[in-house]
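Trainee: Kindly generate the corresponding structure for this input.
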Amino acid sequence: MSTVASISTRIVEVDLVKPVGTAIHAMSSVGCVLVQVRTSDGVVGQGYVFALNGDRVKSLDEQVVGLAEQVRGRSIFETEGIWHDLWGRINAMGHKGVTISAMSAIDVALWDAVGRTVGQPLHRLWGSCRDEVATYATSGLWLSQSIDELVAQAAAFVEQGFVSMKIRLGSAKPATDVARVAAVRDAIGPDIELLSDVNQGLTPKAAIKLGRMLEPYDLGWIEEPVPAYDLDGHAQVRSALDTPIASGETEYTRHGMQSMLRAGACDVLMPDLQRIGGYSEFRKADAIASAWNIPTSSHFFTEHSLCLAGSLANLISVEHCDWFAPLFNEDMELRDGCLVVPDRPGTGFTFAR
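Mentor: Got it, this is the predicted structure:
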């Protein structure tokens with residue numbers, strides 16, 4: 001029986017090509033905690049969590065190290081039992097925040113070890129449904145960029161082969177956002193999908209006003225139009241606009257996803273692999289969303305989300321973020337606007353550092 005022999009962590013910082021900004025964030029780097037599960041058979045499974053600008057990354061590391069003590073000696077095939085044991089142990093610390101993030105990294109690393117132990121890609125172990133998945137370019141079109149920069153970057157995304165991209169909104173004046181969207185839409189034409197993200201930057205009334213002003217530009221969705229905790233506000237915006245509302249990246253576990261669904265807060269649910277609780281919990285959240293006839297689209301963690309996309313028919317797209325590419329030996333493959341689900345064992349990706 002293959003058991004967990006050790007769990008180790010390492011903190012690394014990945015600098016962004018240039019500082020970028022949204023309605024609520026200013027970012028120049030990501031601090032990552034790399035997690036490695038080594039089995040009694042010598043197989044290594046990997047996962048990671050991150051903090052923008054490295055803020056409080058040490059607290060993430062300490063949480064992973066603390067929970068790892070509860071996993072050593074367990075069979076790597078006990079992923080469900082381990083997840084629920086850890087869930088119980090974090091009760092006093094809370095079921096949101098760094099506790100869930102730490103659980104996520106361990107869960108992903110365990111599943112990666114399972115796939116590598118049996119020599120199979122995870123999406124095939126879970127039951128595959130596709131070999132490639134829709135994606136959209138997200139590493140650009142920031143609120144901090146000028147219109148000229150937006151137009152140039154949008155053209156570059158099209159040149160790279162993307163057929164979908166996301167622009168950040170949330171300017172002080174709605175007319176400014178409209179001008180930015182209009183310029184990008186004019187640059188890419190009507191056939192490229194254009195998504196938007198307000199990054200929680202507006203009130204419900206302001207989001208509704210902006211959404212109506214943007215209707216001529218055929219946005220695929222408006223993401224997080226209001227603060228993440230304002231589920232009623234999300235529902236108000238969704239009810240008032242024809243443009244779909246996407247949200248969920250800032251919620252935790254299937255329980256948070258279920259609260260969003262009950263509130264009628266979104267048309268597309270966006271679980272984040274770190275906040276959702278890893279692969280074990282992501283799959284449960286997707287099943288719940290499917291029962292509500294609400295599709296999911298994964299947030300960040302592009303490399304590690306591809307195996308989910310290859311096995312969840314309800315997961316319609318993954319967010320293409322290239323920030324974490326320096327962590328990995330393998331590259332993502334973009335083909336005809338879609339990302340290929342790798343046919344390598346486990347997640348299909350290994351740390352380069």
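
Trainee: Please make it C-alpha for all contacts and neighbour counts, starting now.
Mentor: OK.

Trainee: ok now do the most centrally placed residue in the chain, which residues does it touch?
Mentor: By CA atoms, centre = their mean, the chain has its centre lying nearest to residue 299, at 1.9 Å. Shown in contact with residue 299 (CA atoms under 8 Å, 6 or more residues apart in numbering): 249, 270-273, 318-319.

Trainee: now residue 116
Mentor: Contact partners of residue 116, counting by CA under 8 Å, 6+ apart, are 43-45, 345-346.

Trainee: Ok, residue 45 next?
Mentor: 36-38, 109-114, 116, 346.

Trainee: can you pick the most crowded of the residues you listed?
Mentor: Most neighbours among the contacts of residue 45, by other CA atoms under 10 Å: residue 110, with 33 neighbours.

Trainee: And that one, how far from residue 68?
Mentor: Residue 110 sits 11 Å away from residue 68, taking CA to CA, to the nearest Å as the criterion.

Trainee: And the contacts of stretch 160-178?
Mentor: Stretch 160-178 has contacts (CA under 8 Å, 6+ apart) with 22-23, 135-138, 140-143, 154, 157, 181, 191-199, 201-202, 209-210, 213-214, 334-338.

Trainee: among those residues, which ones are buried?
Mentor: For the contacts of stretch 160-178, a neighbour count by 16 or more other CA atoms under 10 Å gives the buried set as 22-23, 135-138, 140-143, 154, 157, 181, 193-199, 201-202, 210, 214, 334, 337-338.

Trainee: Now, these that are in helices?
Mentor: Per DSSP state H, helices hold the following members of those: 154, 157, 181, 210.

Trainee: and the residues you listed, which two are the farthest apart?
Mentor: Using CA to CA, the two most remote members of those are 157 and 210, lying 25.2 Å apart.

Trainee: Look up the closest residue to residue 315, ignoring the ones flanking it.
Mentor: Leaving out its chain neighbours, the residue that sits closest to residue 315 by CA to CA, 6 or more residues apart in numbering is residue 296, at 4.6 Å.

Trainee: Pull up the gap between the residue nearest to the centre of the chain and residue 241, please.
Mentor: To residue 241, residue 299 is 23 Å away according to CA to CA.

Trainee: Same question for residue 171.
Mentor: 19 Å.

Trainee: Pop the domain breakdown of this protein in here.
Mentor: 4-118, 124-340 (automatic domain parsing).

Trainee: any chance of those in TSV, plus distance to residue 350?
Mentor: Putting those into TSV (distance: least, CA to CA, whole Å) gives the following:
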stretch	distance to residue 350
domain 4-118	7
domain 124-340	5
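
Trainee: Make JSON lines from the ones you listed and add mean pLDDT and distance to residue 351 to it.
Mentor: Output for the domains of the chain, formatted as JSON lines (pLDDT from 0 to 100; distance: least, CA to CA, whole Å):
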{"stretch": "domain 4-118", "mean pLDDT": "95", "distance to residue 351": "8"}
{"stretch": "domain 124-340", "mean pLDDT": "97", "distance to residue 351": "4"}
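
Trainee: Determine which of those approaches residue 352 most closely.
Mentor: domain 124-340 (4.7 Å).

Trainee: Quickly name whichever of the contacts of residue 299 is closest to residue 307.
Mentor: Nearest member of the contacts of residue 299 to residue 307, counting by CA to CA, is residue 318, at 10.6 Å.

Trainee: Show me what the helix or strand that closest one falls within packs onto, helices and strands only.
Mentor: Using DSSP states H and E, residue 318 falls within strand 315-320. Applying 3 or more CA pairs under 8 Å, 6 or more residues apart in numbering; DSSP states H and E, we find strand 315-320 packed against strand 132-137, strand 296-298, helix 302-309.

Trainee: Show me where the stretch 251-353 of the chain has its helices.
Mentor: 253-262, 273-276, 278-291, 302-309 (DSSP state H, counting those that start in this stretch).

Trainee: I should have written the stretch 101-250 of the chain there, sorry.
Mentor: Using DSSP H, counting those that start in this stretch, the helices found in the stretch 101-250 of the chain span residues 122-126, 147-160, 174-188, 204-213, 231-240.
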